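Enquirer: Need a 3D model of the sequence below.
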Amino acid sequence: MKINIVELAKNKEFDLEIIFVNNLKKIECEDDKDILEKLDFKAKDEATALLADRRKIYVGFEDYSYDSLAIAISGAIKKFNSTKFKSAKLLLNKELEDNFKALVEGSILGSYSFNHYKSEKDDKKQELYFVVEKKCENLSDILKESQIIANAVNKARDMVNTAPADFTPKSFVKEAEIIAKEFELEYEVLGEKDLEKQKMMSMHSVGRASIHESQLIHLKYRPKKAKRKIVLVGKGLTYDSGGLSLKPADFMVTMKADKSGAVAVLNTIKVIAELKLNIEVHAIIGAVENMIGGNAYKPDDILRAKNGKTIEVRNTDAEGRLVLADCLCYAQDEIKDFDYIFDFATLTGACVVGLGEYTTGIMGNSEELKQKALEASLNSGEYATKLDFNRYLKKCIKSEIADVCNISNTRYGGAITAGMFLDNFIYPENKNRWVHFDIAGPAFVEKAWGYNPYGASGTGVRMAVEFIKNLAK
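Expert: Residues are numbered from 1 along each chain as shown. Below is the predicted model:
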């Protein structure tokens, strides 16, 4: 859907008008007010009413927050998309102009649909016009940046929604190559023989039973005058069967979404490069498929990670942390003098149980950095909260025969113990530069929520971009 800004004086004829309402008494047209009252329309979030004969869409909203406005415009766009009208306008007041980012991103995210596998596709060409008193450069800049971010989120959604047969570790390589070529980025790819040479046997073991070779991808965006150097690491399980600790059948459905962390990282560096931000960014992706076979890694195996630490495997379904362990070590060994290192992963079901389906868990050793991450997440439109490490949970991943165990000896606090497992692979000098984002809840939800559709949400992209922009100031 094409989005435009047009001045009120140059206002042309439009097929539909979108009207935001937070108080029914403020509706100027008495006939419209009467119809809405008969429809029992409420000026609340997620309320929409299409008055087709009057060519109007009324949308309820509760306040001028990002979430409320993004949900409102998303609802309007869905109604618009359900019609054959070609154009719609929304007249912006001062408050809506001040929250223009939410309107643009809500429009694009709300118009998303995944129809790749549908035999019949709807190729409607519709346009949305934001009508302003006077066009200004600031709004144009917001429109451009928000379009880049929201389109990257939708691209992330496409990648996550793609079936595992069509998106393998090599698919990550192809996507990285496309980005590298478009924005002239350097990149490296390590296959399984390279992982062996690098002594990355933690990651190597997870993928060795798959017919699809594991790939470690390193993309590099290096502007001439960078204020900061930031490393992003993503868990890219293109499919997770659970390995020999096989998942129940119901839990195997949606495991195409276990690549969401790496997808977020890949699309974040794309946004940073497209915006030409003066921040050096390295994206490390651990692309692996966890399958079963005669050479699958097993419970009771002892794996040695790149930093020399040994890991007792007690559950092969706790595989994402094994991939991330080596990727984090690789990043710290290969990239010198970075300011921060962040990892994104659909790491634990425990995080979903504890926080619900819509909230990211933020973990790490620096309270100041975690707080900045939380603020960036909320300001970007994504829900998140902090989860704190503690000395007692640390004991739960102690192994009697290796340096650390890949699962906890208790069913409680699983998101935190997984984060503390990763902490074993953060070098002492980097402890306060690292943040772990567990996006297992919001990355893929099997029902629509707010401006997010069924399936992939693209979680992590907006959050990471906002965080990186703030750190560069």
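Enquirer: Show me what the mean pLDDT comes to for the longest helix seen in the chain.
Expert: Assignment by DSSP state H gives helix 137-161 as the longest helix of the chain. Mean pLDDT, helix 137-161: 97.
Enquirer: Would you mark the buried spots in it?
Expert: Of the residues in helix 137-161, 139, 142-143, 145-146, 148-161 count as buried by neighbour count, 16 or more other Cβ atoms under 10 Å. C-beta here means a position set from N, CA and C on the backbone, and glycine is covered the same way.
Enquirer: Stretch 439-459 now?
Expert: Using 16+ other Cβ under 10 Å as the test for burial, stretch 439-459 gives 439-445, 450-453, 455-459.
Enquirer: now it, how far from the chain's geometric center?
Expert: 9 Å (Cα atoms, centre = their mean, to the nearest Å).
Enquirer: spatially speaking, which residue is in the middle of the chain?
Expert: Computing the C-alpha centroid of the chain and ranking residues by Cα atoms, centre = their mean puts Thr459 first, at 2.2 Å.
Enquirer: Verify the contact between that residue and Ile439 for me.
Expert: Yes. The criterion here is Cβ atoms under 8 Å, and Thr459 meets it with Ile439 at 4.8 Å.
Enquirer: between the two, what contacts are shared?
Expert: With contacts defined as Cβ atoms under 8 Å, 6 or more residues apart in numbering, the residues shared by Thr459 and Ile439 are 260, 264, 360.
Enquirer: thinking again about what came up before, what is the most widely separated pair among the buried residues of stretch 439-459?
Expert: By the measure Cβ to Cβ, Ala440 and Tyr451 form the most distant pair in the buried residues of stretch 439-459, at 20.3 Å.
Enquirer: which of the buried residues of stretch 439-459 lies closest to Leu128?
Expert: When the buried residues of stretch 439-459 are compared against Leu128 (criterion: Cβ to Cβ), the nearest one is Tyr451, at 14.1 Å.
Enquirer: my guess is that closest one meets Ser74, correct?
Expert: Yes. Tyr451 lies in contact with Ser74 (Cβ under 8 Å); the separation is 3.5 Å.
Enquirer: can you put the shared contacts of Thr459 and Ile439 in TSV and add distance to Met463?
Expert: Listed next are those as TSV, based on distance: Cβ to Cβ, whole Å:
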residue	distance to Met463
Ser260	12
Ala264	8
Thr360	7
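Enquirer: which one of the residues you listed has the most neighbours?
Expert: Highest neighbour count within these, by other Cβ atoms under 10 Å: Ala264, with 32 neighbours.
Enquirer: Who are the packing partners of whichever strand or helix holds that one?
Expert: Ala264 belongs to helix 260-275 when assigned by DSSP states H and E. Packing partners of helix 260-275 (3 or more Cβ pairs under 8 Å, 6 or more residues apart in numbering; DSSP states H and E): helix 137-161, helix 169-183, strand 215-221, strand 228-240, strand 279-290, strand 340-345, helix 461-472.
Enquirer: in the third one, what counts as buried?
Expert: Under the neighbour-count criterion of 16+ other Cβ under 10 Å, strand 215-221 has 215-219, 221 buried.
Enquirer: of all those, which comes closest to Thr410?
Expert: Leu216 (31.9 Å).
Enquirer: Go ahead and confirm the closest one touches Met200.
Expert: Yes. Shown here, Leu216 and Met200 form a contact pair, counting by Cβ under 8 Å, at 7.4 Å.
Enquirer: Can you work out which residues contact both of the two?
Expert: Common neighbours of Leu216 and Met200 (Cβ under 8 Å, 6+ apart) are 326, 330.
Enquirer: can you give me the strands for the stretch 351-473 of the chain?
Expert: 360-364, 384-386, 404-405, 434-438, 444-445, 455-456 (DSSP state E, counting those that start in this stretch).
Enquirer: among those strands, which is the most enclosed?
Expert: strand 434-438 (a mean of 28; mean count of other Cβ atoms under 10 Å).
Enquirer: Each with direction, which strands does that strand pair with?
Expert: strand 340-345 (parallel), strand 360-364 (antiparallel) (DSSP bridges).
Enquirer: related to what we said a few turns ago, list the buried residues in the helix holding Ala264.
Expert: For helix 260-275, a neighbour-count test (16+ other Cβ under 10 Å) marks 260-274 as buried.
Enquirer: Check stretch 326-338 too.
Expert: Buried, per 16+ other Cβ under 10 Å, within stretch 326-338: 326-332, 335, 338.
Enquirer: quick one: which of those residues is nearest to Asn315?
Expert: Asp326 (17.9 Å).
Enquirer: ok, so what distance separates that closest one from Tyr112?
Expert: Applying Cβ to Cβ, to the nearest Å, the value for Asp326 to Tyr112 is 34 Å.
Enquirer: ditto for Leu369
Expert: 32 Å.
Enquirer: For the two, indicate the residue with more neighbours.
Expert: Neighbours were counted for Leu369 and for Tyr112 using other Cβ under 10 Å; Tyr112 has more, 23 against 19.
Enquirer: before we move on, the earlier item: residues that sit against both of Tyr451 and Ser74, list them.
Expert: Taking Cβ under 8 Å, 6+ apart as the criterion, Tyr451 and Ser74 both touch 106, 109-110.
Enquirer: just those residues now: which is nearest Glu319?
Expert: Once Cβ to Cβ is applied, the member of the shared contacts of Tyr451 and Ser74 that ends up nearest Glu319 is Leu109, at 30.5 Å.
Enquirer: now the helix or strand harbouring the closest one against helix 461-472, angle please.
Expert: For Leu109, the host element (DSSP H and E) is helix 100-110. Counting by axes from the mean of the first three to the mean of the last three Cα atoms, to 10 degrees, helix 100-110 lies at 150 degrees to helix 461-472.
Enquirer: mind saving the C-alpha coords of helix 100-110 as CSV?
Expert: Extracted in CSV, the C-alpha atoms of helix 100-110 (Å, rounded to 0.1, in the frame of the first residue of the first chain):
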residue,chain,number,x,y,z
PHE,A,100,3.1,10.4,13.1
LYS,A,101,5.6,7.5,13.5
ALA,A,102,2.9,5.3,15.1
LEU,A,103,0.5,6.1,12.3
VAL,A,104,2.9,5.2,9.5
GLU,A,105,4.2,2.1,11.1
GLY,A,106,0.7,1.0,12.2
SER,A,107,-0.5,1.5,8.6
ILE,A,108,2.2,-0.7,7.1
LEU,A,109,2.2,-3.3,9.8
GLY,A,110,-1.6,-3.5,9.9
